[in-house]
Structure formats: C-alpha cells, structure tokens
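In: I need the structure of the sequence given here:
(chains A and B)
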Amino acid sequence: MSERLGAAAPLAPTAGKEAGGLSAKGLSAGTVGLIGAVVIGISCIAPAYTLTAALGPTVSEVGFQVPAIILIGFIPMLLVAFGYRELNRQMPDSGTSFTWAARAFGPWVGWMAGWGLIAATILVLSNLAGIAVEFLFLLIDQIAGSPGTIAELAFNPFINVAVCLLFMLGATLISYRDMQTTQKLQYVLVTFQVLVLVIFSVAAFVHVAQGNAFDASPVELSWFNPFAVGSFTAVVAGLSLSIFIFWGWDVTLTMNEETKDPEKTPGRAATLTVITIVVLYLLISVSLLAYAGTGVEGLGLGNEDIQANVFFFLSGPILGPLAFLVSLAVLTSSASSLQSTFVSPARTLLAMGHYGALPPRFADVSPRFFTPGFATIVSAIIASVFYAIMRFVNENVLWDTITTLGLMICFYYGITAFACVWYFRKQWFDSARSFFFTLLFPLVGGLILAALFVITLVESMDPDYGSGTEWFGLGSVFVLGVGIIGLGLVIMIWQAIKRPAYFRGETLSLDAPASLRRARR
Amino acid sequence: MSGRIVVGYTATEAGADAVALGARLAAASGSTLDIVVVLPGEDRSVITPPDASYDRYLNEQATAWLQEATASIPDAVPTSTNVRYADSFAEGLVAAAEEFGASHIVVGAANGGLRGRHRLGSVATELLHSSHVPVVLAPEGSRRIEPATGVTRITAAIGTRPGAHALLDEATSLAADTGAELRLLSLVTVDLPASVDTGVIRIAGAAHADQVLAQARAGLPGNGDTEVIVGRGDSIEDAVSHLSWEPGEVAIVGSSRLAQPRRLFLGSTAAKMLHELPVPMIVVPRTRAAEGESQ
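Out: Presented below is the predicted three-dimensional model:
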C-alpha cells in the first residue's frame, strides 16, 4: 500500500447536513439478468463444498432424517431473507447487517451484528480452504493412480497447514486484485458442479439397485419426516447445521437495484436457485444415505472418521475411475466460493471503518484494484492464523468450524431479522404486504434463529456435543462460540474508548421510517 | 490551440506523475485537462455478488481522489474530472479520449520504475496497442518537476521507416503549440542488427541518417531553429544515455511498423529508448486520424 498518496478515504461525516444518515449517492448498476443471478447464487452457496462439509455432521445429529432437516432448515432462512430484502431496499449499504442493526438498535448491537458476520465468514474461509486442501491431494492421488498414499499427506498437519496457507494467499491475491473469470467460464463451472453432483447420486443409486452398495438402506418416507428424529435437541442441532447449507442464497433475493428488472428478477432468481439447490441436496443426501447407511463403521455416514468430509471418502467407491470429477467439482466450487465469500467480511469491515466503528484504515480502497484492500488482507490473515492454530490444537477442526459457523450465522441473522422488525415498526400496519414482510416473517425467522442459537449454545457445553472435542471441561463448539462473541465485546469496548463518535450515534443514527399511510392523509 | 488532454489517473505515485505531466503539457499548449479515473465495469463481476452500494462507495472514493488530484494543478489550466466505467483502464481511457476528441492520453509509469525512468506497465502496454491518439508516458518522478518548467524542447526520433510523416507532423504542431524548440534525432546508425559489420556500412548508415534528417528538416516550416543530431553508441540504450536532455524536454517516437493503421504499438527501438529515457515519451500512431474523424 506504499502507492497511496495519503488519499483520505471518504469517512462518514460526523457533523453537518449529511451526518448520521447513510452515505449514498451516484449511479447504480442494473446489469444482472436472471441466469446471471442464479449462477451467482449457486456459486455463492457452492453446493458441492457445502454438502461434503455439512452432510456428515448433520447425519451424526439426525441420522436418516437429513432430507427432512434440509427441507425445514430452509424455512428460517427464507423468513429472514424476506427481512433482508426489505432492509436492503430501504437502506442499501455494503455494511448490510452491521449498518441495519445499528440503524435499528443503535451502535452497540450494530457492532456485534457486524462482528458476527465477520466471524462467520472468517470461519467459513478457513473451513473452505481446509476442504480444498484435502480435495487437492485427493485429486492428485486419483490422477497419479496411487491409491491413498498421496491423499494421506493431506492429514499431516504441517503439510496441511502449509498448503492451506498457500491457498489462502492465492485467494487473497485474487480478491485483492479483483480478478474475475469470464462469465462463460463461470457458467461452465457452475453447470459442471451441478452435473457432477447429479452423476454422483445417480451412480450411488445404481450401486444400490445392483446390490453392491456399502450398506444398502431402502429409501423410506420417514426420512422426510422431522418428527421421526425422536429428539428435539437433535432436530435443533441439525437445523443449526442446515442454516449453513442455505447460507449465501439470500444474495439472489437481495439483489435489487443490481438486476436488470428489480421487480421480477430477484424473486425469480431466488426461486430458481433454491429449487435447484434443494433438489440437489435431497438427491445427494437420499442417494448417499441409501448407499452407505448411517453405520459407524467403514463408509457408513455415522462413522466419525469420515464425517467432516464425506465426498472425500465416498467418491472413490461410488464413482470408481471417475471419482476425480467429484474432487474437481468440490475444488472449483470451493475456489469460487472462497472468492465470493472474501467479499463479504471485507465489505463489512470497510463499512465499519467508514462509519468509524473501526480504525479508518479499514475504509481504504486500493487505488489500483478498487477493492477494500486493507480489510481483505486483514480478513485473510485472521482466517489463516485461526485455521493454523485450530489445525494443531484440534483434529476435528473442520467439523467444529462448521458447527460454530452455524451458531454464528444464527447470531447475526437473528439480529438482522429483529433489526428489520424493529426498524419498520411504524410501517407494520401500512399494508398487508408490510405486515407480512416487515413484521411477521422476519419476526418468526428471528425467533427460530434465536432459539436455535440459545439451545445450540447450551447443548454445546456438553463435551460430547458435535465432534466430541473437549476444552476446559466444555464442548469445543461452546468455547469457540463464546470466545468469538467475548472477543468481539472486548474489541468493541476498546474501540468505543478509542473512537467514541460512532458509539455516540454521530455517524450512524437510530432511525425508523414513518408510516406512509399517515403521511398520505 | 484549444485541444484536450486526457489523463489516466489512479491515486498512486504513477497517477500523480501523469497528472503533473498532463498539467504541464496543458499549460504549455493551452489545452483543457480531462482527468479520468476508470472504475471496473459493472458487468465484469461474475463470481462476487454485485453490490450497488459498494459501487456508490467506490464512486464517492474516486471523486475524492480526483479532488486531491486537481489540488496540485495550476489554476490557469481548465480541468474537468471524470469517473468512467470500463472493463479495463486502457479501454476506459481510449473511450474517454474519443468522446472528448482529445489530442493526447497521458499515463504514468507502472510502479517500481527507477527514479526518472520509464517502466512500461500492463496498462501502458494495453494502451499502446489500442489508442489511436498519441500516448504520453510519464516517467517515475514527473510529479516533482515544477509545472512552470513548461515544455522547453521536443526531440523527435526519426527512423527510415514509414510513419515518419505522422511523427514529424505531431512534433512540429506540438512544438508550435508549446513554443518549444525542436530537435531531430536519428538512431539509424545504432539501430542495426549486431551481426552487421561496422565500418563501411556504419559510415554509409551515418550518411543515410544525415540525408533523412536533412530531408525532414527541409520539410519543416520555419526550420531555422531546428537542431539535428545523430545518436552514436554501441547500443540504442548507450546512445540515448549519452545525449543531453533538458528537464522540460519531451521525446517523440513513432509507433511500430507492426501496429495496425492508426493504432499504436511500441517498436523495439522505442522500447529500448524507453529504458534509458529520463524525459516523457510520446508515442505517435503510424498514421494519424484526420481532424474530426470519428472512429
């Protein structure tokens, strides 16, 4: 950044006419079409990566009822996304949850919502890179035709961390320089990812039909029945994981002014994306359950040794010589997801720097690449350090990051949903539409997420929770979750002492738009 | 002359070099300065979700950068600031130059150029491949030259190759506009393959160079104060570094034979000169577009 000439970042004014409001002006986009929005949606969700990371932990909670959990896990996501859409329409701002929560509940809550978003994305960055490393070694193994020997190397912590840091470095460079693939290539990659997943599940069904599946389990209707799980806490644990698998979908719904037709495109794109994703998830989960069962031995999905990365272990037996396709799909899916994910903590950090909730350096934009340069580098360093430490102190790092991630998503999505409800409090009864979209839906969604958050937190105090890693006599997920939120509180107080303007509400003030009905009279 | 000069600006030292040089040229020639920041085009983003509010933030930031850039420009120079969107910096600049009917595009050296020297970055390279107006390359350190220095002398490097005509036109009109002296330089004697035997051929080359220069000079209106020199040395770099250069000097070269008509491309001689040249270099397209002709 030596190239900067002391160019002052445009910081939010603390006095004058514009003080306290959202800084927004100028031109808007309007360039994304329906297909483009669906492709961005699918590549943000990265179904190949998401499933390999989340399927195992979900099976360990709910057994055969994974399809049921996938179906109901979508409900809170949908409800909260409606709230997101309303907030985004009213106050488009790259700080998203941070800005909205600060406008609705004041600077302190806003700060913690921003922190939750950043923590969640940094957790997923480290998990993504971890999964990508394992599949890179598997892919080399499959191409070299040396069964298992090269793939094993991925589990050596030194090799693993070294390669993972290289991955992060590459992803940081790509994000910092804002390198994009061509639209065509991105379409090809997303289609490839979806096709490979379909082939994968069809092949699994073929094995079941031919009677040579690992543990053929006949598909039952009860797999789709959440009440068949039997235990409420297991459903909750499964749900907080399934929040993660839909995470990223909301971008399609919240793209308003960016689309060519803001009235129709976002809704259609979100619907198309979610249908694709849900069908894909159900297909994969049902086929793999039918193929491998939930046993705790060998390839059984209940086997703790394979749960953190199930495709890694199942692709070989199911696809044989074509297994490298799955590795390739997961790798490309992780890579593009790594890039799209990098954007969100960087933009939130940028907004926090802009409004004075963090040092102004975070608001710096690279003068050559026009990306939030400083914020991107900081996110990358934190994610790398976090992964490196976790890999050495905790062999179940992938599993635990996914579970903690679910917790953090519930935390900041929950706050955002309530922010929507509270922000629009004067407009609740303006129309039937505003009643549903600014009160009922986000409120119910927020309550579900809040319940998930609290119950998961309490449950995870048990050292046996999730991967079963124990720290200080408590579950590792609990320690991580509470640690992250605690650290956020400490940094927030430190920032409040150092730069009080934001915390006095001078840069981002409380607001509640007045009822439109009364104004019209 | 009431021409317009487009400056490709980034909030970097190279950008400051470009603005300083652009301002100096504009002040000397009475042109208008159009400072342009090119932001990435919106349909470029296919992986990262587009975010209109981030685009607005960028736009605001770019406006702030432009504000800072104009602070150092003398008040006498009429200046406009512009934020443009394009897939690449070069594309945005070429489009802006077309729109404004600009006579020149000024860009800075890529980062890492030695003090007072050029280093051709990817932007300048792309620009040289696509621009149809002369491109001015500002060497690292141009921002430290006083704006009042003006343009004192213009050195046109004349070869024997096609394109000399356009080059001379540009050199004379710029000299007339800026009130600078004109100097003609031939590098023909050094611009020979290494395998060529020295001696006779070299002498013949020198004679040829003198002839070319004499012809060029004869074609100039008011050729009284035109100086003519022949570069000598073991290599182009050697020859260029042994010439005297004034602080307010500007060098002009023609684009390569390989370039498409009316597009720029840096030839090997020009590229070698660039390494040693301590002054701004203007690269002129092989045949210039007629006045007012649009693409």
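
In: Show me the shaky parts of the stretch 401-521 of chain A.
Out: Applying pLDDT under 70 to the stretch 401-521 of chain A flags residues A:466, A:518-521.

In: An error on my part: the question was meant for chain A.
Out: A:1-31, A:146-148, A:181, A:256-257, A:466, A:518-521.

In: got the residues of the stretch 1-150 of chain B near chain A?
Out: B:10-16, B:39-40, B:42-61, B:64-65, B:68, B:111 (CB under 8 Å from any CB of the partner chain). C-beta: built from backbone N, CA, C; applies to glycine.

In: Whichever of these end up buried, select them in PyMOL.
Out: The PyMOL command for the buried members of those (criterion: 16 or more other CB atoms under 10 Å in any protein chain shown) is given here:
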select buried, chain B and resi 10+11+12+13+14+15+16+39+40+42+44+45+46+47+48+49+50+51+52+53+54+55+56+57+58+59+60+61+64+65+68
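
In: any idea which element A:Pro191 lies in?
Out: One correction, residue A:191 is Thr, not Pro. helix A:183-210 (DSSP states H and E).

In: which parts of the helix or strand that comes right after that helix are buried?
Out: Per DSSP H and E, the first helix or strand lying C-terminal to helix A:183-210 is helix A:232-246. Across helix A:232-246, burial judged by 16+ other CB under 10 Å covers A:234-246.

In: Helix A:232-246 and chain B, are they touching?
Out: No. Helix A:232-246 stays clear of chain B (CB under 8 Å from any CB), getting no nearer than 15.2 Å.

In: can you give me the strands in the chain?
Out: With no chain named, the answer covers chain A. Ranges of strands within chain A are A:470-471, A:474-475, based on DSSP state E.

In: nope, chain B please
Out: B:4-8, B:32-40, B:79-86, B:104-108, B:135-138, B:153-158, B:181-186, B:227-230, B:249-254, B:281-284.

In: Show me the one of the ones you listed that comes nearest A:Asn309.
Out: Nearest to A:Asn309, of all those, is strand B:32-40, at 35.5 Å by CB to CB.

In: Counting by contacts, list what the closest one packs against.
Out: Applying 3 or more CB pairs under 8 Å, 6 or more residues apart in numbering or on different chains; DSSP states H and E, one finds that strand B:32-40 contacts strand B:4-8, helix B:13-29, helix B:52-71, strand B:79-86, helix B:89-100.

In: Residue in chain B with the shortest distance to chain A?
Out: B:Ala11 (3.6 Å; CB to the nearest CB).

In: Surely that residue and B:Trp65 touch.
Out: Yes. Contact criterion CB atoms under 8 Å: B:Ala11 and B:Trp65 qualify, at 4.2 Å.

In: With respect to burial, which of the strands of chain A scores highest?
Out: Burial of those is given as mean neighbour count (mean count of other CB atoms under 10 Å in any protein chain shown); strand A:474-475 ranks first at a mean of 20.

In: What strands flank it, and is each parallel or antiparallel?
Out: strand A:470-471 (antiparallel) (DSSP bridges).

In: What lies in contact with the strand it pairs with?
Out: Strand A:470-471 has contacts (CB atoms under 8 Å, 6 or more residues apart in numbering or on different chains) with A:463, A:476, A:479.

In: at 10 Å instead, please
Out: A:393-394, A:400, A:462-464, A:476-480, A:483 (CB atoms under 10 Å, 6 or more residues apart in numbering or on different chains).

In: Could I have the PyMOL command that selects the buried members from those?
Out: The following PyMOL line selects those of those that are buried, judged by 16+ other CB under 10 Å:
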select buried, chain A and resi 394+400+463+476+477+478+479+480
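
In: Which of the contacts of strand A:470-471 fall in helices?
Out: Taking DSSP state H, the ones among the contacts of strand A:470-471 that sit in helices are A:393, A:400, A:476-480, A:483.

In: now those residues as a markdown table including distance to chain B?
Out: What follows is the ones in helices among the contacts of strand A:470-471, written out as a markdown table (distance: CB to the nearest CB, whole Å):
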| residue | distance to chain B |
| --- | --- |
| A:Val393 | 32 |
| A:Asp400 | 28 |
| A:Ser476 | 32 |
| A:Val477 | 29 |
| A:Phe478 | 32 |
| A:Val479 | 33 |
| A:Leu480 | 27 |
| A:Gly483 | 30 |
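
In: Can you name the two of those residues that sit furthest apart?
Out: It's A:Val393 and A:Phe478 that sit farthest apart of the ones in helices among the contacts of strand A:470-471, by CB to CB, at 15.4 Å.

In: What is the least confident helix or strand in chain B?
Out: In chain B, the helix or strand scored least confidently by mean pLDDT, DSSP states H and E is helix B:200-218, which has a mean of 67.

In: Could you give the residue of chain A that lies closest to chain B?
Out: Closest point on chain A to chain B, by CB to the nearest CB, is A:Pro367, at 3.6 Å.

In: neighbours around that residue, how many?
Out: 22 (other CB atoms under 10 Å in any protein chain shown).

In: So it versus A:Gly356, what's the distance?
Out: 22 Å (CB to CB, to the nearest Å).

In: Now do the closest residue to A:Phe392 other than its chain neighbours against A:Val397, distance only.
Out: Once flanking residues are discounted, A:Phe392 sits nearest to A:Pro157: 5.9 Å by CB to CB, 6 or more residues apart in numbering or on different chains. Distance, A:Pro157 to A:Val397, using CB to CB: 10 Å.

In: So these two - more neighbours on which side?
Out: A:Val397 (25 against 12).

In: which one's the longest helix in chain A?
Out: helix A:107-144.

In: Could you give me the buried positions within that helix?
Out: With burial defined by 16+ other CB under 10 Å, the residues of helix A:107-144 counted as buried are A:107-142.

In: Now do it and helix A:232-246, the angle between them.
Out: 80 degrees (axes from the mean of the first three to the mean of the last three CA atoms, to 10 degrees).

In: can you give me the helices in the stretch 251-400 of chain A?
Out: Applying DSSP state H, counting those that start in this stretch to the stretch 251-400 of chain A gives helices spanning A:265-292, A:310-319, A:324-354, A:373-393, A:397-423.

In: center of chain A - which residue?
Out: A:Trp247 (4.3 Å; CA atoms, centre = their mean).

In: and that one, what does it touch?
Out: A:Trp247 neighbours (CB under 10 Å, 6+ apart): A:44-46, A:50, A:77, A:120-121, A:124, A:341, A:405-406, A:409, A:413.

In: For stretch B:24-43, the averaged confidence score.
Out: Regarding stretch B:24-43, the rounded mean pLDDT is 85.

In: Pull the distance from it to the chain's centre.
Out: Centre-to-centre, stretch B:24-43 and its host chain are 13 Å apart (CA atoms, centre = their mean, to the nearest Å).

In: what comes up buried for that stretch?
Out: Buried residues in stretch B:24-43, counted by 16+ other CB under 10 Å: B:24-29, B:31-40, B:42.

In: cool, and stretch B:133-150?
Out: In stretch B:133-150, counting by 16+ other CB under 10 Å, buried: B:133-143, B:145, B:147.

In: my read: A:Thr438 touches A:Phe418, true?
Out: No. Assessed by CB atoms under 10 Å, A:Thr438 is found out of contact with A:Phe418, at 11.7 Å.

In: Can you check which residues contact both of these two?
Out: A:Gly83.

In: which of those two has more neighbours?
Out: A:Thr438 (28 against 24).

In: which residues sit in contact with that one?
Out: Contacts for A:Thr438 (CB under 10 Å, 6+ apart) come out as A:82-83, A:86-87, A:90, A:420-431, A:513.

In: Going through the residues you listed, which ones are buried?
Out: Counted by 16+ other CB under 10 Å, the contacts of A:Thr438 give A:82-83, A:86-87, A:90, A:420-424, A:427-428, A:430, A:513 as buried.

In: Fine by me, we can end here.
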